[in-house]
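[1] Dropping a prediction and its sequence here:
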Amino acid sequence: MRDSSDWHPTAFRTHTIGQVVRNGADMIGEQVSVAGYAETVRGRGAIAFLMLRDGTGYIQAFLKKDNMDENAFTAVQSASRESTVQVTGTVAQKRPPKVPEGEPTPPPEYEINVTEANILSSAETPLPVGITDDVNVGLDIRLDNRHLDLRRAHVNAMFQLRSRVLQYGRDHLIGEGFQEINSPKIIASASEGGTNLFPMMYFDTPAFLSQSPQLYKQLAVLGGLERVFEIGPAFRAEKHDTYRHLNEFISFDIEGAWMNDEDVMGVQERMIHHIWSQVVANDLHLIDVVNEYRVSQGQESVTVEVPELPFPRIPYCDAIEIVQKGGGDIEWGDDIESHHCDIIAAEYPGFHFLPRWPMSMKPFYIYHNEDEKGSTGGQLSRGFDLNYGRDEMTSGGQREHRVDVLEQNLRNMDLDPADFTFYTDGFRYGAPPHAGWGLGVARLLMILTGAGNVREVVLFPRDRSRVTP
Ligand code: AMO
């Protein structure tokens, strides 16, 4: 579990369990207080073994009636699973298990000889979902009881990995000169065009939940912040029911001045390379926990292979040819859907960019150059996607910075420039060429953890049928 070396003592414990487990050799005889969940309680009569778990590890607490208050002893001995317990006692080395001759002796393990114990909160029984035992409940029941589901080791590990991924991504971008921003989530007009907005009342005025920080991150760059990023929620009123769509998701966005599509693809691949390298350097113990569970379920283990740079670039026109050659039914100007991506993924199974989409497929804010035409003469744009296998991770592109073209794009897409003056005004007083992207955080986590569904790596997912807990 988590590295606990720099956790400070709190009112309820002097040490984390992880600290005692790791530093046990130097702590023999030392008095400690730890607190955690009661995984199991064994033993009868005058002794009891309590297996205690906190967010950092597991330890056995050894209780002897003679060594402590009798009522406290009895309370622990009859404690239900998952009750929270605080124990105080001295650190001791566990008696080593007998190993057959010739086999290596396992590393020493430590336990706590308890002198004081305190049930902090008793767990009701039965538990609606199993924590340590392999109770086969579906995802829905797990999500209804997420507060318990999170106590399972592999679920806990997945969310630790999620936090790490965001940390490494953030570190990388800050290292490339990006600064973090927060854009409003209550907005007055569609940021992506289209109709997939959740309406709301903002006092007496109709408003919407934001679909994307798109227009605001651009305004920040136009205002001179040059390189910005945001990790925040995006809301889409789409009636999807798939393993990779939610109605609220965390979008990891960047925007940079004086950059084109190729420049921000570079930022993207370097960031992903950094995240993967850091996970390999620091977090393989978390991947091991995930794999332990996967193997117990008969699933393949996940391996974290740092992807090579640069990622392949397969321009849209070439992608169409690959799909056609692979027997897929597609024409220039069509969207590349998941079943088409399967054909491309057969050749490019890892991360790959799909740059230069037709302008007709891309939002009004994407840049295009009149001279850049596709194989059938259609107008090409500077919009791109990043895919991993069959799944889209990211969309991005160079942005249109010429206000007259921008307004024409809006009209071409049946949008009224008058509704976007808060945005287009940002381009009237000198606008740097700029570019950016938006990455679906849960989709990236799906790859890293092997999760087959974004809901696995989202704390409290919001989909068509789920708005609680
Ligand atoms: P787009 O709409 O493609 O682009 O979204 C960017 C990325 O966000 C993720 N994503 C989703 N994840 C879960 N559930 C959903 N319903 C969902 N919709 C999108 C995907 C997708 O690639 N403004 C542009 C980005 C930009 O150009 O900077 C945008 O929002 O991984």
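    Received, thanks.

[2] Return the residues in contact with the spatially closest residue to Phe178 that is not a sequence neighbour.
    Nearest non-adjacent residue to Phe178, counting by Cβ to Cβ, 6 or more residues apart in numbering: Arg227, 4.3 Å away. All C-beta atoms are positioned from the backbone trio N, CA, C, and that covers glycine. When contacts are counted by Cβ atoms under 8 Å, 6 or more residues apart in numbering, Arg227 touches 173, 176-179, 221, 254-257.

[3] Let me know the closest of those residues to Pro349.
    Checking the contacts of Arg227 against Pro349 with Cβ to Cβ, the nearest one is Ile254 at 25.7 Å.

[4] looking at it, that closest one is touching Glu226, isn't it?
    No. Under the criterion of Cβ atoms under 8 Å, Ile254 makes no contact with Glu226, lying 11.4 Å away.

[5] So the two - more neighbours on which side?
    Ile254 (26 against 17; other Cβ atoms under 10 Å).

[6] in the sheet, who's paired with whatever residue of the stretch 351-469 of the chain ends up closest to the ligand?
    Going by Cβ to the nearest ligand atom, the ligand is nearest to Gly440 of the stretch 351-469 of the chain, at 2.4 Å. As for beta bridges, Gly440 partners with Ser251 under DSSP bridges.

[7] Look up the pLDDT of it for me, please.
    We have a pLDDT of 98 for Gly440.

[8] The ligand contacts on this protein?
    192, 212, 214, 236, 238, 245-246, 249, 251, 253, 392-397, 436-438, 440, 443, 454 (Cβ under 6 Å from any ligand atom).

[9] Going through those residues, which ones are buried?
    192, 212, 214, 236, 238, 245-246, 249, 251, 253, 392-397, 436-438, 440, 443, 454 (16 or more other Cβ atoms under 10 Å).

[10] Of those residues, which belong to strands?
    Cross-referencing those against strands under DSSP state E gives 249, 251, 253, 392-397, 436-438, 440.

[11] Pull the most distant pair out of those residues.
    Most distant of these, by Cβ to Cβ, are Phe249 and Gly397, 19.6 Å apart.

[12] gap between Gln211 and Asp253?
    From Gln211 across to Asp253, the span is 12 Å (Cβ to Cβ, to the nearest Å).

[13] what's the answer for Val280, then?
    In terms of Cβ to Cβ, Val280 sits 26 Å off from Asp253.

[14] In contact with Gly232, which residues are there?
    182-183, 185, 213, 250-251, 253.

[15] Make a ChimeraX selection of the buried ones in the residues you listed.
    ChimeraX command restricting the contacts of Gly232 to the buried ones, with burial defined by 16+ other Cβ under 10 Å:
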select :183,213,250,251,253
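
[16] For Ile231, what are phi and psi?
    Here is the backbone geometry of Ile231 (degrees, to the nearest 10): phi -120, psi 110.

[17] The one 10 residues further on too?
    Dihedral angles of Asp241 (phi, psi; degrees, to the nearest 10) stand at phi -140, psi 70.

[18] tally of neighbours for it?
    Residues within reach of Asp241, counting by other Cβ under 10 Å, total 9.

[19] Identify the spatial nearest neighbour of it, chain neighbours not counted.
    Closest to Asp241 by Cβ to Cβ, 6+ apart is Arg464, at 6.2 Å.

[20] same deal with Thr195?
    That would be Ala237: by Cβ to Cβ, 6+ apart, it lies 7.9 Å from Thr195.

[21] Contact partners for the one you found?
    Counted by Cβ under 8 Å, 6+ apart, Ala237 has contacts 195-198, 247.
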